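Engineer: Quick one: sequence and predicted model below, then my questions.
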Amino acid sequence: MERRIMGNTGMKVSILGFGGAEIGFEGASLEDVEALLHEALDLGLNVIDTAGCYANSEELLGRAVGSRRRDFYLFTKCGHGDDYTMPAWTGPEIAASIERSLKRLKTDYIDLIQLHTCSKKILEQGEAIEVLKKAKEAGKTRFIGYSGDGEDALYAIRTGEFDVLQTSVNIADQECVELTLPEAVERGMGVIAKRPLANVAWQHKDSPGSLYQEPYWKRLQTLRYNFLEGSVAEGVAMALKFTLSVPGVHTAIVGTKKPGRWRENADMLNTGLISTDQYERIRNVWNKYAANKEWLGQS
């Protein structure tokens, strides 16, 4: 598994990471999470990303791989209660969230704590950032980051306070390629690509009708990439390779609750990423159709 140095953090991360949303929201069993992640860690995974609001994801991870804490970099996010719809941006709320995450994850430090899709307005107030900086000074986290998109993410980058940016990067979501990634790279930030498979929205013949997949499904009806006309696996391979070919991206986090699925995705990368010509063709299609659309980054 290829690894890249994540900006100024110095962390040498596997290009394919693991996202912990699905195991929480889709009710994965502890046994399946153990099987999935122990196999992945043995194969070279060393990035696990989650959040306090992903149902019981943190607890599952703490129980499943807490004993292998030194084998991977552990990332989480704060700024919400146990429910993603419950914002919690005051200093005391964020501090409590960090303590809760440490307990759930069965660790005394986290490699990266990220503010989770908070607005520019919240960032401007400064309190949320200061709490993360204090957590870093106290050794509760090694680095701090911002997870989000669009103008909010651009403001976060320009504060100069964050070590890492996590943002949506995929074949149906390329706003960041010009808006935020160049500045993040210039500042030496690490970059985590979320939603790297565009939620595999193209697998649905008809509208999926879910808030998670619908926006990307609609975009892909317009973009109509020819590589999505084959099998779902072929589309997944090309989509993942595109995301990892975007300049500045260090790792892409893919979520699943199915044992063996991370390995299948990793196997797709063994043949390398896409060519410069393939990358430019995808970018050209995006630029042709996105200019007249309100296709903002999906948080």
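Structural biologist: Received, thanks. Numbering: from 1, shown residues only.

Engineer: measure residue 22 to residue 232 for me?
Structural biologist: Counting by CB to CB, to the nearest Å, the gap from residue 22 to residue 232 is 17 Å. No exception for glycine: its C-beta is placed from N, CA and C like everyone else's.

Engineer: So between these two, which is more surrounded?
Structural biologist: When residue 22 and residue 232 are compared on other CB atoms under 10 Å, the one with more neighbours turns out to be residue 22, at 19 against 11.

Engineer: where's that one, which helix or strand?
Structural biologist: In this structure, residue 22 sits in helix 21-25 according to DSSP states H and E.

Engineer: Return the backbone torsion pair for the most centrally placed residue in the chain.
Structural biologist: Closest to where the C-alpha atoms of the chain average out (CA atoms, centre = their mean) is residue 194, at 2.9 Å. Recorded main-chain torsions at residue 194 are phi -100, psi 160, according to degrees, to the nearest 10.

Engineer: Quick check: it touching residue 19?
Structural biologist: Yes: counting by CB atoms under 8 Å, residue 194 touches residue 19, with 6.9 Å between them.

Engineer: joint contacts of the two?
Structural biologist: Taking CB atoms under 8 Å, 6 or more residues apart in numbering as the contact rule, the neighbours common to residue 194 and residue 19 are residue 253.

Engineer: For the residue nearest to the centre of the chain, give me its contacts.
Structural biologist: The neighbourhood of residue 194, defined by CB under 8 Å, 6+ apart, consists of 19, 147, 166, 167, 168, 169, 252, 253.

Engineer: what is it paired to in the beta sheet?
Structural biologist: residue 168 (DSSP bridges).

Engineer: how close does it get to residue 96?
Structural biologist: Computed as CB to CB, the residue 194 to residue 96 distance reads 25 Å.

Engineer: how much space between residue 121 and residue 75?
Structural biologist: Distance of residue 121 to residue 75, computed by CB to CB: 25 Å.

Engineer: Which of the two has more residues huddled nearby?
Structural biologist: With other CB under 10 Å as the criterion, residue 121 and residue 75 differ in neighbour count, and residue 75 comes out ahead with 30 against 10.

Engineer: helix/strand/coil for the more buried one?
Structural biologist: Under DSSP: H, G, I helix; E, B strand; the rest coil, residue 75 falls in the strand class.

Engineer: does it really touch residue 192, like I thought?
Structural biologist: Yes: here residue 75 reaches residue 192: they are 7.5 Å apart, a contact under CB under 8 Å.

Engineer: Overlap in contacts, these two.
Structural biologist: Common contacts of residue 75 and residue 192, defined by CB under 8 Å, 6+ apart, comprise 47, 49, 145.

Engineer: Take the residues you listed and keep only those in strands.
Structural biologist: In strands, defined here by DSSP state E, the members of these are 47, 49, 145.

Engineer: Could you export these as CSV, including distance to residue 157, neighbour count and pLDDT?
Structural biologist: As requested, those are exported to CSV (distance: CB to CB, whole Å; neighbours: other CB atoms under 10 Å; pLDDT from 0 to 100):
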residue, distance to residue 157, neighbour count, pLDDT
47, 21, 25, 98
49, 19, 27, 98
145, 11, 26, 98
